[in-house]
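> predicted model and sequence follow; I will ask about them next.
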Amino acid sequence: MRLLLDENVPKKLKRAFPGYVVSTVTEMGWAGTGNGALLAKAEGIFDVLLTVDKSIQYQNNFADKKIILVTMIVKQNKIQFLLPLVPKVIQALQSAVPGQVINIP
């Protein structure tokens, strides 16, 4: 499964997903790309967009998307707040399907 970490997710989180192919928006050269355009670029390349941006799910219709959106709900987008959510993310991805929006509190 290929994961794309949004710009607002620390790149160090890549190491928390062994067995997954993980890239960042910056590594892909997509930094500064708006949410809709980012989703369009990511579809077909990535299976999952991992973000802390709660607004993406309301700005886009995911019913027809080929990508899964996972939003981690945290106080701050710092690694110490995100790492405890990784097991929940991995568990949710076991049964996730394209077009699904998953919020991980």
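Done, it's in.
> contact partners of the strand or helix carrying V70?
Here V70, judged by DSSP states H and E, is contained in strand 68-72. Contact with strand 68-72 is made by 9, 47-54, 56-57, 62, 82, 85, 89, 92-93, 96-104, as judged by Cβ atoms under 8 Å, 6 or more residues apart in numbering. Quick note: C-beta positions are derived from backbone N, CA and C, even for glycine.
> hmm, 7 Å instead?
Residues outside strand 68-72 that contact it (Cβ atoms under 7 Å, 6 or more residues apart in numbering) are 47-54, 56-57, 62, 82, 85, 89, 92, 96, 98, 100-104.
> which helix or strand lies directly C-terminal to that strand?
Per DSSP H and E, the first helix or strand lying C-terminal to strand 68-72 is helix 79-82.
> counting by contacts, list what the helix or strand following that next one packs against.
In the C-terminal direction, the helix or strand that comes right after helix 79-82 (DSSP H and E) is helix 86-93. Counting contacts by 3 or more Cβ pairs under 7 Å, 6 or more residues apart in numbering; DSSP states H and E, helix 86-93 packs against strand 68-72, strand 101-104.
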